[in-house]
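Engineer: Sequence plus the predicted model coming up.
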Amino acid sequence: MARIKRVAVSDHAVLRYLERRYKTDVEAIRQEILTPCRVAAIKAGASQITVAGLTFKISDGVITTILKRNVR
């Protein structure tokens with residue numbers, strides 16, 4: 001039997017935990033992120049958007065991650 005070398009929790013599992021344990025409304029957060037201005041920028045071809053110290057990285061029309069402004 002193989003030994004487990006790493007034990008972890010996926011981002012998906014964390015998200016579901018927040019939804020179910022703390023009643024986090026993920027859809028409301030998604031709508032807060034996806035403002036009409038950001039939608040317009042994405043449709044215009046933006047690959048990233050920086051607002052209020054946060055950089056939204058975009059790939060194929062999807063916001064894939066959000067970083068603090070000075071993080072690479």
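Structural biologist: Ah, there it is.

Engineer: Enumerate the beta-bridge partners assigned to the residue positioned nearest the centre of the chain.
Structural biologist: For the chain, the residue sitting closest to the mean C-alpha position, by Cα atoms, centre = their mean, is Thr65 at 4.5 Å. Thr65 has these beta-bridge partners by DSSP bridges: Lys57.

Engineer: List the buried residues of the lengthiest helix in the chain.
Structural biologist: As assigned by DSSP state H, the longest helix anywhere in the chain is helix 11-21. For helix 11-21, the neighbour count (16 or more other Cβ atoms under 10 Å) marks no residue as buried. All C-beta atoms are positioned from the backbone trio N, CA, C, and that covers glycine.

Engineer: repeat for stretch 44-64
Structural biologist: Neighbour counts over stretch 44-64 (16+ other Cβ under 10 Å) mark 49, 55-56, 58, 63 as buried.

Engineer: Sort out which one of those lies nearest Ala28 for me.
Structural biologist: Ile63 (15.6 Å; Cβ to Cβ).

Engineer: and the helix or strand hosting that closest one, C-alpha only, in CSV?
Structural biologist: If you go by DSSP states H and E, Ile63 is part of strand 62-68. Taking C-alpha atoms only, strand 62-68 is exported to CSV below (Å, rounded to 0.1, in the frame of the first residue of the first chain):
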residue,chain,number,x,y,z
VAL,A,62,-13.0,34.2,-17.0
ILE,A,63,-11.6,35.9,-14.0
THR,A,64,-9.1,33.2,-12.9
THR,A,65,-7.6,34.8,-9.8
ILE,A,66,-7.5,38.0,-7.8
LEU,A,67,-4.2,39.3,-6.4
LYS,A,68,-3.2,42.3,-4.3
